[in-house]
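Peer 1: sequence first, then the predicted structure, then my questions.
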Number of protein chains: 2
Amino acid sequence: MTTLYSARDTDRTAPAAVTAETTAWEALRASIRSKTVRLAEHTIIYYESDPADRFFEIVDGAVMLFKLLPDGRRQVVGLFGPGDLFGLPSGEDHDSAAETLVPSVLKAIERRDIEDSVELQRHVNRCLLRQVADLREHTVLLGRKSAFERVASYLMHMVPGRGLGERCRGRPESGCDEAVVRITMTRQEIADYLGLTIETVSRIISGMKRKGFLTADRQDRLKITDVCALCRQSGMH
Amino acid sequence: MTTLYSARDTDRTAPAAVTAETTAWEALRASIRSKTVRLAEHTIIYYESDPADRFFEIVDGAVMLFKLLPDGRRQVVGLFGPGDLFGLPSGEDHDSAAETLVPSVLKAIERRDIEDSVELQRHVNRCLLRQVADLREHTVLLGRKSAFERVASYLMHMVPGRGLGERCRGRPESGCDEAVVRITMTRQEIADYLGLTIETVSRIISGMKRKGFLTADRQDRLKITDVCALCRQSGMH
DNA sequence: CGCCCACTTGAGGAGTATCAAGCTTCGTGG
DNA sequence: CCACGAAGCTTGATACTCCTCAAGTGGGCG
C-alpha cells in the first residue's frame, strides 16, 4: 500500500535500489521454508487474538485486516497487495483479523525462520516502515478528512500504479487524465475502511457521478474522468 | 513521559523477559555512536519531509508526531514515551513532524549504524510492531468511536501503568478504582490526536465531571473516580 | 423469469463543528 | 503583593455533516 502523492515528489532517485532489494528478497525467500496457500475471495485467514506463529507474504491477490469492537462495529485497519507482508504480531497473538478481498495466493512463513538473518530482518523492517507510513496517512484521513475527501482519497489509492502492491514509481503527472478503477471491495468494506456508513459511501459516489468526476459502465468499474481534478478534492493538494 | 504514579502498579507479571530484552538493547546501544540531546517542551525535532538520516530513542520525556494537510488541518499520528524509537522513515524523508510535549532527553542514532546487526534490527522491528499495533488501535478509535469514547479511551491510555512507554502489563482489574492522570498535552493537541475540535474535547471532559467520572483540582490533573466505569464507556468492553 | 443480495435513494435526527463570548490561569512588571 | 495582559480553556447558540431507519432499484444467477 502506498501513500498518495504530493505535488512535488519528483525525484525518484533510487528505483534501481528498490528493484535490487526486491530481487535480493526473492533470492533469500527461496531459502526459507514457506508454504504456498491458495484462497478463495472473502476467506478468513485468521481471527483477532489467534496465536501468531507464522506470517504471510502476498504473492497475488489482496488482503484486508480489520478489528471489531465488542458491539460489532468494524474498522478495516489495512489493505495489502502483492509483495506485502502481513500477520506479524506485536505480542504472541494477532491484533486484528485477516480476510482475502479477492482470490489470493499467499506464502506462509514461520516467524522463527527469519529471526537470525540480517537481510531478512531488514526486509521485514522495510515492510513495517511502509506500513507505519501508510497507517499514519490513513490516520489523517480518518481524523481530519470529510466523507467526500475520504472517498476521493480511496479512489486515488486504487488508481493503477498508485496503490495496493504497485508502488508509486511513476511521476505524479502520469496519473492525470482518465483512469479506470476496479473496485474489488464491497460498499460495506469500503465504508469500514473509511470510517463511514455504507449509505454515505454510496451517496458520495453517486454525487461524484452527478458532478462529472466519475462514470461507470459496471458497478465495480469506475472511470475517473479527470484524476487530477479528483485528486485536488482529496484534501491533499 | 514523566508519567506520575498513583495507586497500584502491582503485578509486573512478565518483567523477566522484558527486562532481559531491554538490558540486551541497553548493552548493544552502548556500542553505537549516539548523541544525547536535551530539549525544552514544545520543541520541533524535525519537520515533515526533512531528510531522515538519523532516528531517536526517548530516554525521558514525551514526543508527538503529527501531519498537516495543506489547508492547515493537523492530525497527531503518534505519541511516544521513554524507550520508544521514532524518526525511522519509510523512504529518505520523514513522513511526519516531531515535537516534544514536555522537556525531554533523546538519543540521536545514525540510521546506518544499525544496518548490520541482527540484534539491533530485531529491536527496531519489535518497536515497529508495537507502533503498528498502536496505530491500528488508534485507527479504530478514529474510524468508529464517538467523541465520548475517544476521550475516555485517551484518559485510559494515560492512566499510569497503561500508556506511553509503560505497556499494559497488568490485568484489567488492576486498573480499577481511582487514578490520577496528569495531562501534559494541551486541549488542542488532544483534539488533534483524537480527530475532534478543542471545544468538543472541553465539553466532553466537562460532561465527564458533571456525570461524576472525573474531578480536577487543577486543569492538568484529573482524578478518575472509577477507572473501570470509565473504561466501560471507552467502547472496548 | 423471478428471486436475492447488494446497492441506491429519501426523510429525519443525532452528534459534532463552527462561531462567538466569557472565564481561568499564569506569568510579568509595576 | 497585586494589577494587568495574554493564552488557553469553557460555555452557549447555531449550522451542518453524516448517521439511522426505511423504502426502493438493479444486476447476477438459479
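Peer 2: Nice, thanks for sending it over. Numbering: from 1, shown residues only, chains lettered A, B, ... in the order given.

Peer 1: and the pLDDT for residue A:3?
Peer 2: The confidence metric pLDDT takes the value 26 at residue A:3.

Peer 1: whoops, residue A:205 was the one
Peer 2: Per-residue pLDDT puts residue A:205 at 98.

Peer 1: wait, a strand at it?
Peer 2: No - counting by DSSP: H, G, I helix; E, B strand; the rest coil, residue A:205 is located in no strand; its state is helix.

Peer 1: contact partners for it?
Peer 2: Applying Cβ atoms under 8 Å, 6 or more residues apart in numbering or on different chains, we find residue A:205 in contact with A:151, A:214, A:222. From N, CA and C alone the C-beta is placed, and that goes for glycine too.

Peer 1: wait, residue A:77 sits on residue B:133?
Peer 2: No - with contacts counted by Cβ atoms under 8 Å, residue A:77 stays clear of residue B:133, the gap being 9.8 Å.

Peer 1: ok, so of the contacts of residue A:205, who is nearest DNA strand D?
Peer 2: Among these, residue A:151 lies closest to DNA strand D (Cβ to the nearest atom of the strand), at 9.6 Å.

Peer 1: sketch out the low-pLDDT regions of chain A for me.
Peer 2: Chain A contains residues with pLDDT under 70 at A:1-24, A:162-176.

Peer 1: show me what contacts the closest residue to DNA strand D within chain A?
Peer 2: Residue of chain A nearest DNA strand D, by Cβ to the nearest atom of the strand: residue A:200 (3.1 Å). For residue A:200, the contact set (Cβ under 8 Å, 6+ apart) comprises A:147, A:191.

Peer 1: among the contacts of residue A:205, name the ones in helices.
Peer 2: Of the positions in the contacts of residue A:205, residue A:151 sit in helices, assigned by DSSP state H.

Peer 1: out of the contacts of residue A:205, who has the most neighbours?
Peer 2: Across the contacts of residue A:205, neighbour numbers were computed from other Cβ atoms under 10 Å in any protein chain shown; residue A:151 holds the maximum, 27 neighbours.

Peer 1: tell me the domain boundaries of chain A?
Peer 2: Here the domain parsing of chain A from automatic domain parsing is A:15-137, A:145-232.

Peer 1: what sits opposite the residue nearest the centre of chain A in the beta ladder?
Peer 2: Residue closest to the mean C-alpha point of chain A, counted by Cα atoms, centre = their mean, is residue A:79 at 3.2 Å. Applying DSSP bridges to residue A:79 yields these beta-bridge partners: residue A:64.

Peer 1: what's the neighbour count on residue A:198?
Peer 2: Using other Cβ under 10 Å, residue A:198 is surrounded by 14 other residues.

Peer 1: next, give phi and psi for it.
Peer 2: Torsion angles at residue A:198 (phi, psi; degrees, to the nearest 10) stand at phi -60, psi -40.

Peer 1: could you do residue A:100 as well?
Peer 2: Reported as degrees, to the nearest 10, the phi and psi values for residue A:100 are phi -70, psi 140.

Peer 1: also the one 5 residues further on?
Peer 2: Dihedral angles of residue A:105 (phi, psi; degrees, to the nearest 10) stand at phi -120, psi 120.

Peer 1: and the longest helix that chain A contains with DNA strand D, contact?
Peer 2: Longest helix of chain A, by residue count under DSSP H: helix A:118-144. No - no part of helix A:118-144 sits near DNA strand D under the criterion Cβ under 7 Å from any atom of the strand; the closest distance found is 10.4 Å.

Peer 1: could you give the angle of that helix to helix B:118-144?
Peer 2: Orientation note: helix A:118-144 sits at an angle of 20 degrees relative to helix B:118-144 (axes from the mean of the first three to the mean of the last three Cα atoms, to 10 degrees).

Peer 1: now helix A:118-144, how far from the chain's geometric center?
Peer 2: Chain-centre distance of helix A:118-144: 11 Å, with Cα atoms, centre = their mean, to the nearest Å.

Peer 1: residues of that helix that come out buried?
Peer 2: For helix A:118-144, burial by neighbour count (16 or more other Cβ atoms under 10 Å in any protein chain shown) applies to A:118, A:120-144.

Peer 1: check stretch A:191-205 too.
Peer 2: Neighbour count says stretch A:191-205 has A:191, A:192, A:193, A:194, A:195, A:196, A:200, A:201, A:204, A:205 buried, by 16+ other Cβ under 10 Å.
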